[in-house]
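Student: 3D model of this:
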Amino acid sequence: MTGDPEPISADARHALEQELADLRKERGLVAASLRDKDSDEVGDRADEADELQRADQLQHLDRRIEQITVRLRQADLAGPARTDEVGVGSTVTVRFPDGSTDTLHVSELPDALDEQLVTADSPLGSALLGHRPGDTVRYHTPEGQTSAVVMSIG
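Tutor: Predicted coordinates:
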């Protein structure tokens, strides 16, 4: 990652937008459960502790909502994924030493439903970043170092 706004795949965007919607819904429920500070309701220390816990939860939700909002805004600024070199959001076809090929999606976020996804911080994903068709990348696996050749991007 360069520090510049990075593109995001459609699947990652969808996942972030869904998480954002879920967080906003949860935030609404937590905020509604907080006592009106101007009420004359008398509570004990357990009530106060519960109130503090919900306030902390609200702060945590607000931070995550802000993180996702900023990431989506950055993705909008970055535009579509590049097709001249591998980056976040790229779809890349690679050939492995055994001659097999695979088309992979490079993403920031893991997705158990996408068997073709590699995250940008995984050994293969990070090795692919910045490379072009024809480049050989080397990366570590539990079995040791191996390589892959970037066949195409797009």
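
Student: low-scoring pLDDT stretches of this structure, where are they?
Tutor: For the chain, applying pLDDT under 70 flags the ranges 1-4, 35-46, 111-114.

Student: helices and strands around the longest helix along the chain, which ones?
Tutor: Among the segments of the chain that qualify as a helix by DSSP state H, the longest is helix 45-78. Here helix 45-78 touches helix 10-33, going by 3 or more C-beta pairs under 8 Å, 6 or more residues apart in numbering; DSSP states H and E. In this view, the C-beta of every residue, glycine as well, is placed from N, C-alpha and C.

Student: which positions in the helix it packs on come out as buried?
Tutor: Along helix 10-33, these residues count as buried under the neighbour rule (16 or more other C-beta atoms under 10 Å): 11, 12, 13, 15, 16, 20, 23, 27, 30.

Student: before we move on, what about stretch 144-154?
Tutor: Within stretch 144-154, the residues that qualify as buried are 146, 148, 149, 150, 153, counting by 16+ other C-beta under 10 Å.

Student: the second one - that's part of a strand, no?
Tutor: The reference is to residue 148. Yes: if the criterion is DSSP: H, G, I helix; E, B strand; the rest coil, then residue 148 is within a strand.

Student: tell me the bridge partners for the closest residue in space to it that isn't next to it in sequence.
Tutor: In space, and not counting its chain neighbours, residue 148 is closest to residue 94: 4.2 Å by C-beta to C-beta, 6 or more residues apart in numbering. Applying DSSP bridges to residue 94 gives these bridge partners: residue 102, residue 150.

Student: same deal with residue 146?
Tutor: Going by DSSP bridges, residue 146 is paired in beta bridges with residue 139.

Student: could we number from 530 for the rest of this?
Tutor: That works, and once the first residue is 530, the last one we named lands at residue 675.
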